[in-house]
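> After the sequence you'll find the predicted model.
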Amino acid sequence: MRPYRAKRKDNGEWVIGGFWERDKQSFIIETAATPLHKYLPIKYIRLVEVHPSTVGQQIGLQDKTEKHELYAGDRIVVGHDRGIITWDEYGLAWGIELDDEGGFQEFCSFYTDKNMSNIEYLGSIHTEPQNGKEEKNK
């Protein structure tokens, strides 16, 4: 299963892990290995409450620099196309909702013949300014 990313409610930092919703609350399930002793690694699980509007699943691709794992809600450029990574419910594929033309372009499905090795990462819609204004968590 691919991990999810979201912004924490308590401090606004990104957290990565499994996603869980309960009683209208959204959580990322964070796990980490904490060595108590060199021969006895202990794993812990922590539920971190997150802003539901910032939750995005990893799509299984990196940007062209291989420094950024890409998630739903990231702004990217592929060739001449600029937009937001979005899940297409009808085509069952990741794609780009284009900024200029509006709407979802199925040709940007990440599992078609389109060359996806040249993806430029611009940032997340939840942290990066758009049109001179910083977007806030909802």
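Okay, I see it. Please read these numbers as outputs of a predicted model, since none were measured by experiment.

> pLDDT wise, what is Tyr4 at?
Looking at Tyr4, its pLDDT reads 96.

> so who does the residue nearest the centre of the chain touch?
Central residue of the chain (C-alpha atoms, centre = their mean): Tyr71, 2.4 Å from the mean position. Tyr71 is in contact with 4-5, 56-59, 85, 124, counting by C-beta atoms under 8 Å, 6 or more residues apart in numbering. Backbone N, C-alpha and C define where each C-beta goes, glycine included.

> That one pairs with what?
Gln58 (DSSP bridges).

> measure it to His80 for me?
23 Å (C-beta to C-beta, to the nearest Å).

> and what of His68?
The value you get for His68 to His80, if C-beta to C-beta is used, is 20 Å.

> out of those two, which sits in the more crowded spot?
Each of His68 and His80 has its neighbours counted (other C-beta atoms under 10 Å); His68 has more, 18 against 6.

> between the contacts of Tyr71, which has the most around it?
With neighbours taken as other C-beta under 10 Å, the top of these is Ile85, carrying 26 neighbours.

> For this protein, give me the ranges with low pLDDT.
33-42, 100-116, 128-138 (pLDDT under 70).

> need the strands for it, in chain order.
4-7, 14-22, 25-37, 40-50, 56-62, 69-71, 74-78, 81-88, 93-98, 104-105, 119-124, 129-130, 133-134 (DSSP state E).

> was I right about Lys43 contacting Thr31?
Yes: at 6.1 Å, Lys43 and Thr31 qualify as touching, with contact defined as C-beta atoms under 8 Å.

> what residues are up against Ile76?
Neighbour list for Ile76: 63, 70, 82-85, 96, 119-122 [criterion: C-beta under 8 Å, 6+ apart].

> err, Tyr90, not the other one
Listed by C-beta under 8 Å, 6+ apart, Tyr90 has no contact partners.

> Distance of it relative to Asp63?
For Tyr90, the distance to Asp63 equals 26 Å [C-beta to C-beta].
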